[in-house]
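K.L.:
Predicted model and sequence below, questions to follow.
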Amino acid sequence: MIVCVCKSVSDRKIRASIEDGMDSFDELQFELGVASCCGKCAESVRDVMMQSGVCASRCGFEHHPQAVPLTFYERKAA
């Protein structure tokens, strides 16, 4: 799937770069251009890093973010 729309970078490209030795968010940002335009993909890039096992040292997150509780509202007929 495309992670960075601005630079057309997929999760496969990020994983391949990690396998080639890039192990920090800054390196991925410099080499692939992710999160360098609008920045909306930064969290998704970090998620791919966590899934690839490199987050513990250098993805920029100190811990896993807490899940945000969702609230569902019942829709009533008018």
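P.N.:
It's in. Residues are numbered from 1 along each chain as shown.
K.L.:
contacts and neighbour counts: CA atoms only from here.
P.N.:
Fine.
K.L.:
in this protein, which helix or strand is least confident?
P.N.:
helix 55-58 (a mean of 58; mean pLDDT, DSSP states H and E).
K.L.:
Could I get the pLDDT score of Lys13?
P.N.:
Reported pLDDT at Lys13 in the predicted model: 96.
K.L.:
And the helices in the chain?
P.N.:
According to DSSP state H, the chain carries its helices in the segments 11-19, 25-32, 42-51, 55-58.
K.L.:
Using a markdown table, lay out the ones you listed together with mean neighbour count and distance to Cys4.
P.N.:
A markdown table is the format used below for these (neighbours: other C-alpha atoms under 10 Å; distance: least, C-alpha to C-alpha, whole Å):
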| stretch | mean neighbour count | distance to Cys4 |
| --- | --- | --- |
| helix 11-19 | 16 | 9 |
| helix 25-32 | 15 | 9 |
| helix 42-51 | 18 | 8 |
| helix 55-58 | 15 | 18 |
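K.L.:
got these as JSON lines, with distance to Ala77 columns?
P.N.:
Formatted as JSON lines, the helices of the chain follow (distance: least, C-alpha to C-alpha, whole Å):
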{"stretch": "helix 11-19", "distance to Ala77": "43"}
{"stretch": "helix 25-32", "distance to Ala77": "49"}
{"stretch": "helix 42-51", "distance to Ala77": "38"}
{"stretch": "helix 55-58", "distance to Ala77": "47"}
